[in-house]
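Undergrad: Only the shape, not the letters, is given here:
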């Protein structure tokens, strides 16, 4: 009976330790960076002409991928992704994205009920559409050109 009781105590202790470990690991996860909750709908965005894709993640990482012509891919002329960062300026309520040493400021626009998201370069009244990004609920990450998802980094 002594061994059976010891096994039960050991099993119960292991179970309690495992539950504590799970609880502690969940509570240690860092909260999302400021602005991420608003920006998540623009996690995968496309340029107006469809030749570039911007993906952003909750850890302030940004990746720019340029679309490749089929002939370029066959000949091995891949354009490497550009890695960068993004952050939210609380005082101006604007998002900033830094890629290739250049920082662009964006206004986030989520038209109510549209299911789409826009990162507008400049002001809404005078937007630079060529530098802006557009996303919709139909955007998905199956094209292979968009790069990693928001939780892949």
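TA: Good, I have the coordinates. Predicted model, so just to flag it, every value in this text is computed and none were measured.

Undergrad: how deep is residue 113 tucked in, by neighbour count?
TA: By other CB atoms under 10 Å, the residues close to residue 113 number 6. (Glycine included, C-beta is placed from N, CA and C.)

Undergrad: actually residue 61, not the one I wrote
TA: Residues near residue 61, counting by other CB under 10 Å: 16.

Undergrad: from what I can see it touches residue 81, true?
TA: No - counting by CB atoms under 8 Å, residue 61 stays clear of residue 81, with 11.2 Å between them.

Undergrad: if I look at those two, which residues touch both of them?
TA: Common contacts of residue 61 and residue 81 (CB atoms under 8 Å, 6 or more residues apart in numbering): none found.

Undergrad: Do a quick rundown of the helices in this protein.
TA: For the chain, the helices defined by DSSP state H cover 2-28, 36-39, 70-74.

Undergrad: Show the secondary-structure elements that the second one is packed against.
TA: Helices and strands touching helix 36-39, by 3 or more CB pairs under 8 Å, 6 or more residues apart in numbering; DSSP states H and E, are strand 82-89.

Undergrad: List the contacts of the strand it packs on.
TA: 33-36, 38-39, 56, 60-65, 94-100, 105.

Undergrad: Turn the buried ones among the residues you listed into a named PyMOL selection, would you?
TA: What follows is the PyMOL syntax selecting those of these that are buried according to 16 or more other CB atoms under 10 Å:
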select buried, resi 35+36+39+56+60+61+62+63+64+65+94+95+96+97+99+105
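
Undergrad: tell me which residues in stretch 112-130 are buried?
TA: Residues 116, 117, 118, 119, 120, 121, 127 are the ones in stretch 112-130 that count as buried (16+ other CB under 10 Å).

Undergrad: Could you give the bridge partners of the third one?
TA: In this structure, residue 118 has the following beta-bridge partners (DSSP bridges): residue 109, residue 134.
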